[in-house]
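Peer 1: Fold the following for me, if possible:
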Amino acid sequence: MKRFHLHLAVDNLEEHVRFYSALFGAGPSVRKNDYAKWMLEDPRVNFAISTRAAKPGLDHLGVQVETDAELEEMHGRFAAADAASVEHEDAACCYARSNKYWVQDPHGIAWEAFHTLGEIPVFGHSKESAKPAKAACCAPSGKTERNEKKSRTTTTCCG
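Peer 2: Below is the predicted model:
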């Protein structure tokens, strides 16, 4: 089953954790000094906030899937939307390892479809890179031209 994902950039994590904990009636399921995440069932959403982006506001949207088959289904939906996608295998992002595809909507808003493989101890770090990601994850920057071929990379998140 899929879960909607929303990631906001915030300037004051504590203030936002208090607000969203009250709004959702529950504390975050993951809490770090620069990141918090709620895995809600009603509504079914993966809601994350972090202090990693250059400015507060919407960082990216997405769909979290539970299987590789669902991830490939979402990749097909991105292709049907005529959106050029970027694939990241075993990406280190937001304290997790994931396989994912990124696209941008017509306004340049980043969307990801991802299958979480496991947790990692540091935001955006992996075995391959000791340098953390600056943004929330590897969201594409700038508008992507339509009809480009999908590119395939094995990467750490923005590392």
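Peer 1: Met74 contacts Tyr101, doesn't it?
Peer 2: Yes. With contact defined as Cβ atoms under 8 Å, Met74 reaches Tyr101; the gap is 6.7 Å. (Each C-beta comes from the backbone N, C-alpha and C, glycine too.)
Peer 1: Any chance you could list what contacts stretch 107-119?
Peer 2: 5, 58-68, 70-71, 74-75, 77-78, 83, 90, 93, 95-105, 137, 139-140, 142-143 (Cβ atoms under 8 Å, 6 or more residues apart in numbering).
Peer 1: In strands only, show me the residues you listed.
Peer 2: 5, 58-65, 90, 93, 96-104 (DSSP state E).
Peer 1: What's the PyMOL syntax to select whichever of the residues you listed are buried?
Peer 2: Buried residues among these (16 or more other Cβ atoms under 10 Å), as a PyMOL selection:
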select buried, resi 5+59+60+62+63+64+65+90+93+96+97+98+99+100+101+102+103+104
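Peer 1: I'd like to know how far Asp11 sits from Ala22.
Peer 2: 19 Å (Cβ to Cβ, to the nearest Å).
Peer 1: again with Arg3
Peer 2: 22 Å.
Peer 1: More neighbours: which of the two?
Peer 2: Comparing Arg3 with Ala22 by other Cβ atoms under 10 Å, the one with more neighbours is Arg3, at 17 against 10.
Peer 1: Give me the nearest residue to that one, chain neighbours excluded.
Peer 2: In this structure, Arg3 finds its nearest non-sequential neighbour in Gln64, 4.4 Å apart by Cβ to Cβ, 6 or more residues apart in numbering.
Peer 1: Settle this for me: the one you found is touching Lys2, isn't it.
Peer 2: Yes. In this structure, Gln64 is within contact of Lys2 by Cβ under 8 Å, at 6.8 Å.
Peer 1: For Glu14, grab the count of nearby residues.
Peer 2: With other Cβ under 10 Å as criterion, Glu14 counts 10.
Peer 1: Make sure it is indeed in a strand.
Peer 2: No. Assessed with DSSP: H, G, I helix; E, B strand; the rest coil, Glu14 is helix; it does not lie in a strand.
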